[in-house]
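S.K.: give the three-dimensional model of this entry:
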Amino acid sequence: MIDETGLGTIAEDFHIASRNSAALKQNYRAHLIHYSPEVEKLVRKAPLKIEEGNKINLPPPLKIQMSITETINRRSSGRNFSNVPITSEELSTLLYYGNAIQKNPYTKNQNYYQRNVPNSGNLGSVEVYPIILNVEGIEPGIYHFDSFSHHLDQVQLGNYSTWLFEKGFFQVEWSNSSVGFVITSAIGRLTAKYGLRGYPC
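M.R.: Next comes the predicted model:
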């Protein structure tokens, strides 16, 4: 359906192009792609490793002992941030529970990465880049979180509060935060397995 503004047509085209047809659902070859050498190679090479640059080891994450009921009941949104820096332990905890992995044996000749969060096809397509503004013991700048080794890769030092303000649709709370998490997706990994349907994964 096209409205008078012409908006929404791209979304509709994408929906039609990416939906599963009845024939595809019954096609066994579509199932076999999960076990193709190309896809298995992508799984084995997940997550992203940055070899060069400075590495900053993170302390072990804090143990959270709170029921899911209490967690939901205590959850609230806020826009007023303190100017007190967070600790490296707190940063480590956020990163660990937000996107870390646990290496578990899957078969004798392949490693399966069990993650703390859902991950389409176990392809390691999601990467987190913390923008450090006010964290104890860590210089301000852009970092990459190595979810396998649990450390930070230093990408570029600097104060990016203004950058976060501008890229965060001019919301002041971004520039006042201790750390901003930029979440990226390796769409090429997803589309290699899922085709056009990999885009919204």
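S.K.: A helix includes residue 61, no?
M.R.: No - under DSSP: H, G, I helix; E, B strand; the rest coil, residue 61 falls outside any helix and is assigned coil.
S.K.: that one reaches residue 98, doesn't it?
M.R.: No - contact status for residue 61 versus residue 98: not in contact, 10.1 Å apart, counting by CB atoms under 8 Å. Where you see a C-beta, it was placed from the backbone N, CA and C, and this is true even at glycine.
S.K.: OK, contacts around the residue most central in space within the chain?
M.R.: Centroid-nearest residue in the chain, with CA atoms, centre = their mean: residue 126, separated by 3.6 Å. Residue 126 makes contact with 99, 117, 119, 183, 184, 185, 186, according to CB atoms under 8 Å, 6 or more residues apart in numbering.
S.K.: shouldn't residue 197 be within a helix?
M.R.: Yes - assessed with three-state DSSP, residue 197 lies in a helix.
S.K.: that one - how many residues pack around it?
M.R.: Using other CB atoms under 10 Å, residue 197 has 16 neighbouring residues.
S.K.: now do residue 187
M.R.: 13.
S.K.: from here on, count from 405
M.R.: Okay, using 405 as the starting number, the last item reads as residue 591.
S.K.: any figure for the gap between it and residue 451?
M.R.: Separation of residue 591 from residue 451 (CB to CB, to the nearest Å): 16 Å.
S.K.: residue 462 too?
M.R.: Using CB to CB, residue 462 is found at 15 Å from residue 451.
S.K.: and if you look at residue 517?
M.R.: Distance of residue 517 to residue 451, given as CB to CB: 7 Å.
S.K.: quick check: neighbours shared by the two?
M.R.: 505, 528, 552.
S.K.: a markdown table for those, including pLDDT and secondary structure?
M.R.: What follows is the shared contacts of residue 517 and residue 451, written out as a markdown table (pLDDT from 0 to 100; DSSP: H, G, I helix; E, B strand; the rest coil):
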| residue | pLDDT | secondary structure |
| --- | --- | --- |
| 505 | 84 | strand |
| 528 | 78 | coil |
| 552 | 86 | coil |
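S.K.: cool, thanks, talk later.
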